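[1] my questions are about this predicted structure, shown below with the sequence.
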Amino acid sequence: MDINQEVYNFLATAGAKYGVGFWRPGSGIIHQIILENYAYPGVLLIGTDSHTPNGGGLGGICIGVGGADAVDVMAGIPWELKCPKVIGVKLTGSLSGWTSPKDVILKVAGILTVKGGTGAIVEYHGPGIDSISCTGMATICNMGAEIGATTSVFPYNHRMKKYLNKTGRADIAILADEFKDHLVPDPGCHYDQLIEINLSELKPHINGPFTPDLAHPVAEVGTVAEKEGWPVDIRVGLIGSCTNSSYEDMGRSAAVAKQALAHGLKCKSQFTITPGSEQIRATIERDGYAQILRDVGGIVLANACGPCIGQWDRKDIKKGEKNTIVTSYNRNFTGRNDANPETHAFVTSPEIVTALAIAGTLKFNPETDFLTGKDGKKFKLEAPDVDELPRAEFDPGQDTYQHPPKDSSGQRVDVSPTSQRLQLLEPFDKWDGKDLEDLQILIKVKGKCTTDHISAAGPWLKFRGHLDNISNNLLIGAINIENGKANSVRNAVTQEFGPVPDTARYYKKNGIRWVVIGDENYGEGSSREHAALEPRHLGGRAIITKSFARIHETNLKKQGLLPLTFADPADYNKIHPVDKLTIQGLKDFAPGKPLKCIIKHPNGTQETILLNHTFNETQIEWFRAGSALNRMKELQQ
């Protein structure tokens, strides 16, 4: 709190000045704050990133967007979205044993992949939903972001009513009961795609490494790991964070840990626990779960994102050391948790993480395998069976919410002009009205490029409020197709290879506008506004890819960049890092009308390809004005 004090002061004073409530440090992870306080059946809620869609676990249409889109909603400006398709997931049977709600979304991710839900809302339905707790449904919806879904939603049922009553919202439950016929799928409704999962047959899953859609049954992952050369010894097990940090999650993990303790065992792997909110932390302390998890060898961390977003000062390995970790988080991209590209991260349920941390190996299957107690006797862990909600009321813990004052006339936003962590934004330059000629290729990206690759998290997050400083992480995780390396690109003027941000700054200083060439589903993962702000700040004009993740594509448009896709994905192979590109047709830029791109090769030859876009009239105005913010100011004037 001392290190980040100036950032908290800025947030507190900005909130007070503009009438925004502020959850102070220690409040918890905003996903859980939303579920506990803001989401309710039937609400349309627009918020940022994957922080928002877990509200679907309470029957709301809660859609994650980029920061600039959220600002539109706060300012009362119409929010626009291409009408999504609807993917139906019919659940039959019932959950039991070691199978958990997390296994539902891990299975769906394996079916749909990280881009299979793009442009669609996932609607869960069927008799199986009644066997899933409200927070379990929230877990499933929360991780829907990992399949690219616009959002996910469950129909209103008695499990949601139970959660509303327990979290002090009985009046909302009464109202939801009154309108429950409107909070379920329409009879005979049509789905664009239908997936059926029998929960009675669903087995515990573990997904990874390096991508959340590489699905394996827990029973098979050890064999697969040995075959693929992945380390089977587990160095660390991590539970909690946004996806699985409910009271039920903590209780199921504690139930597993208690059995190990009864036989004299502790975790062979390191073990960390992240409560999802101050309310969860206080309640698991009161009810003894936290102490059980400590007794088995765990460390209870702060109510914060922590290792899930890379805020992990990891000491047990060196960078580049090959190792395996298992988490109950949602994302496991390369370097996501600890900035080590050789960390093989797997995602699974909290109780499976706990069992695996006790055993210390991916080869352990708690459904069938035995452990040896301190007395030398073999025993098998039993599947946890615990209360989904505390029997007593939740303990609210410390009061961490700052209400906006009734009178904000005397409030001043606290930003030091010499700060290295906070920097007031300057407007971006306006489009000059001409085609973009001779764009230099900053990098041609090979393969997966998430927003973590474009704007790394971890230690870089301390610069979130300072655009110029955080821009020093631009695309440092992306793989350059020219040499197969990260953060190493050719400077077209000096012909020397150097870091991506340094090369971009060189081009900007010398008036050279540049473009990025990307692969499939460019910008998946976190909504991370900086992944769009940074390329614009350092002189980028366009990002051309095979396809985009939804939120990132909109973020780029908001900042006055051109997110474009190859009309023919094979044209990706026609462009080489040493080429120059000219984008034509901007004077007649119109919805649905492709742009032309002339590829100029160093040998003097040229070829022309078509580039598609999804701009509407409003978004074209953003581009012409230089950014959505510039356009808003124009309209105000």
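    Sure, I can see it.

[2] what's around residue 119, how many residues?
    Neighbour count of residue 119, defined by other CB atoms under 10 Å: 16. The C-beta positions use only the backbone N, C-alpha and C, and glycine is treated the same way.

[3] the stretch 101-250 of the chain: strands as residue ranges?
    Ranges of strands within the stretch 101-250 of the chain are 120-125, 151-153, 193-198, 205-207, 215-217, 234-240, based on DSSP state E, counting those that start in this stretch.

[4] now do the contacts for residue 486.
    Applying CB atoms under 8 Å, 6 or more residues apart in numbering to residue 486 gives the contacts 341, 476, 477, 478, 479, 480.

[5] nope, residue 119 is what I meant
    82, 84, 85, 148, 150, 550.

[6] do that again at 7 Å, thanks
    82, 84, 85, 150, 550 (CB atoms under 7 Å, 6 or more residues apart in numbering).

[7] number of nearby residues for residue 587?
    8.

[8] among the contacts of residue 486, which ones are buried?
    The neighbour count (16 or more other CB atoms under 10 Å) marks 476, 477, 478, 479, 480 as buried among those.

[9] picking that back up, okay, the strands of the stretch 101-250 of the chain in a markdown table with mean pLDDT and mean neighbour count next?
    Output for the strands of the stretch 101-250 of the chain, formatted as a markdown table (pLDDT from 0 to 100; neighbours: other CB atoms under 10 Å):
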| stretch | mean pLDDT | mean neighbour count |
| --- | --- | --- |
| strand 120-125 | 97 | 24 |
| strand 151-153 | 97 | 28 |
| strand 193-198 | 98 | 15 |
| strand 205-207 | 98 | 27 |
| strand 215-217 | 97 | 20 |
| strand 234-240 | 97 | 28 |
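
[10] per-residue pLDDT, residue 78?
    Per-residue confidence (pLDDT) for residue 78: 83.

[11] typo on my end, residue 374
    Here, the pLDDT recorded for residue 374 equals 96.

[12] for residue 264, give me phi and psi.
    Here is the backbone geometry of residue 264 (degrees, to the nearest 10): phi 80, psi 20.

[13] for the residue nearest to it when sequence neighbours are not counted, give me its contacts.
    Among residues not flanking residue 264 along the chain, residue 374 sits closest, at 2.7 Å (CB to CB, 6 or more residues apart in numbering). Counting by CB under 7 Å, 6+ apart, residue 374 touches 263, 264, 265.

[14] what does the helix or strand bottoming out on mean pLDDT in the chain rub up against?
    Every helix and strand in the chain was compared by mean pLDDT, DSSP states H and E; the lowest is helix 67-74, with a mean of 85. Outside helix 67-74, the residues within contact range by CB under 7 Å, 6+ apart are 46, 47, 48, 79, 529, 554, 555, 558, 628.

[15] would you mark the buried spots in it?
    Per 16+ other CB under 10 Å, helix 67-74 contains these buried residues: 67, 68, 69, 70, 71, 72, 73.

[16] still on that earlier bit, among the contacts of residue 374, who's most crowded?
    Going by other CB under 10 Å, residue 265 tops the contacts of residue 374 with 20 neighbours.

[17] now that residue: how far from residue 370?
    12 Å (CB to CB, to the nearest Å).

[18] out of the contacts of helix 67-74, who's nearest residue 183?
    Sorting the contacts of helix 67-74 by how near they are to residue 183, with CB to CB, puts residue 46 at the top with 18.9 Å.

[19] wait, isn't the closest one in contact with residue 61?
    No. Between residue 46 and residue 61 there is no contact, the gap being 9.4 Å when judged by CB atoms under 7 Å.

[20] returning to that earlier point: columns neighbour count, secondary structure and distance to residue 294 on top of the contacts of helix 67-74, output as JSON lines?
    Shown next, in JSON lines, are those (neighbours: other CB atoms under 10 Å; DSSP: H, G, I helix; E, B strand; the rest coil; distance: CB to CB, whole Å):
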{"residue": "46", "neighbour count": "18", "secondary structure": "strand", "distance to residue 294": "39"}
{"residue": "47", "neighbour count": "22", "secondary structure": "strand", "distance to residue 294": "33"}
{"residue": "48", "neighbour count": "20", "secondary structure": "strand", "distance to residue 294": "33"}
{"residue": "79", "neighbour count": "13", "secondary structure": "coil", "distance to residue 294": "44"}
{"residue": "529", "neighbour count": "24", "secondary structure": "coil", "distance to residue 294": "37"}
{"residue": "554", "neighbour count": "24", "secondary structure": "helix", "distance to residue 294": "43"}
{"residue": "555", "neighbour count": "29", "secondary structure": "helix", "distance to residue 294": "41"}
{"residue": "558", "neighbour count": "25", "secondary structure": "helix", "distance to residue 294": "45"}
{"residue": "628", "neighbour count": "24", "secondary structure": "helix", "distance to residue 294": "48"}
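
[21] and which of those residues is nearest to residue 228?
    Nearest member of the contacts of helix 67-74 to residue 228, counting by CB to CB, is residue 555, at 34.5 Å.

[22] and the gap between the closest one and residue 522?
    12 Å.

[23] quick one: contacts for the closest residue in space to residue 184 that isn't next to it in sequence?
    Among residues not flanking residue 184 along the chain, residue 155 sits closest, at 3.9 Å (CB to CB, 6+ apart). Listed by CB under 7 Å, 6+ apart, the contact set of residue 155 reads 59, 125, 129, 183, 184, 185.

[24] make it 10 Å
    Shown in contact with residue 155 (CB atoms under 10 Å, 6 or more residues apart in numbering): 41, 59, 123, 124, 125, 126, 129, 137, 180, 183, 184, 185.

[25] need the max-distance pair from these.
    41 and 126 (17.9 Å).

[26] quick one on the thing from earlier: name the residues contacting each of residue 555 and residue 522.
    Going by CB under 10 Å, 6+ apart, residues that sit against residue 555 and also against residue 522 are 451, 531, 548, 549, 563.

[27] now these in CSV, with distance to residue 422 and pLDDT?
    Output for those, formatted as CSV (distance: CB to CB, whole Å; pLDDT from 0 to 100):
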residue, distance to residue 422, pLDDT
451, 22, 95
531, 20, 97
548, 30, 95
549, 28, 92
563, 28, 98
